[in-house]
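Student: Sequence first, predicted coordinates after that:
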Amino acid sequence: MRKSLTGLIVASTVLTACGFADSRINPVNWFGRGQPAAVAESTEAVNPLIPRRGGLFQRDRAKEDVYAGTPFDQVTSLVVERVPGGAILRVTGLAARQGIYNVRLTPTNDEEEPVKGVLTYRLEGERPARPTPVGAKPTREVVAARKLTDQQLAGVRSIRVEGLRNAQVARR
């Protein structure tokens, strides 16, 4: 068994490295190279990533995702970092208790557009169902971020992030 396995490994190495590079015996060539192929054109605009019919969990997919987050106790810092194509809004918050999860920066209006030059967000997170301890300050701190494009920042003079007890503002 040992000799046959060694012989098989040596033979496959020899076949892939020698003059059999373009041969059908070579296992590397079994599937061949990619060839261009014609695409079937459709007259209707269809996204191929969205299934046309329901699956096993169709009923679950029909429900709309409702975010049950509540505002954080405090917003401790707000940083706007410029990146190509926009900016990253990074916020540090302090929760009243430990265990807050699914932290988000949610816009105060549905369109996520500035009102009188001010783009406003709320720092929110979901609380666990069971009671949690208050804990030390470092165990209650969280960081949330959101990418803003240049189009979203057009006409924005300041960005405001609100918590329950305070708010932080970054101006241009």
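Tutor: Nice, thanks for sending it over. Numbering: from 1, shown residues only.

Student: Select the longest helix from this protein.
Tutor: helix 2-17 (DSSP state H).

Student: then it to CSV, C-alphas only?
Tutor: Below are the C-alpha coordinates for helix 2-17, written out as CSV (Å, rounded to 0.1, in the frame of the first residue of the first chain):
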residue,chain,number,x,y,z
ARG,A,2,2.8,2.3,0.9
LYS,A,3,4.7,1.7,-2.3
SER,A,4,1.7,2.1,-4.5
LEU,A,5,0.8,5.4,-2.8
THR,A,6,4.3,6.6,-3.3
GLY,A,7,4.3,5.5,-6.9
LEU,A,8,1.0,7.3,-7.5
ILE,A,9,2.3,10.6,-6.0
VAL,A,10,5.6,10.4,-8.0
ALA,A,11,3.7,9.6,-11.3
SER,A,12,1.3,12.5,-10.8
THR,A,13,4.1,14.9,-10.1
VAL,A,14,6.0,13.7,-13.2
LEU,A,15,3.0,14.0,-15.4
THR,A,16,2.2,17.6,-14.3
ALA,A,17,5.9,18.7,-14.5
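
Student: List of residues touching the helix or strand hosting residue 152?
Tutor: Assigning secondary structure by DSSP states H and E places residue 152 in helix 150-153. Helix 150-153 has contacts (CB atoms under 8 Å, 6 or more residues apart in numbering) with 85-87, 112, 119. Using the backbone N, CA and C atoms, a C-beta is placed for each residue, glycine as well.
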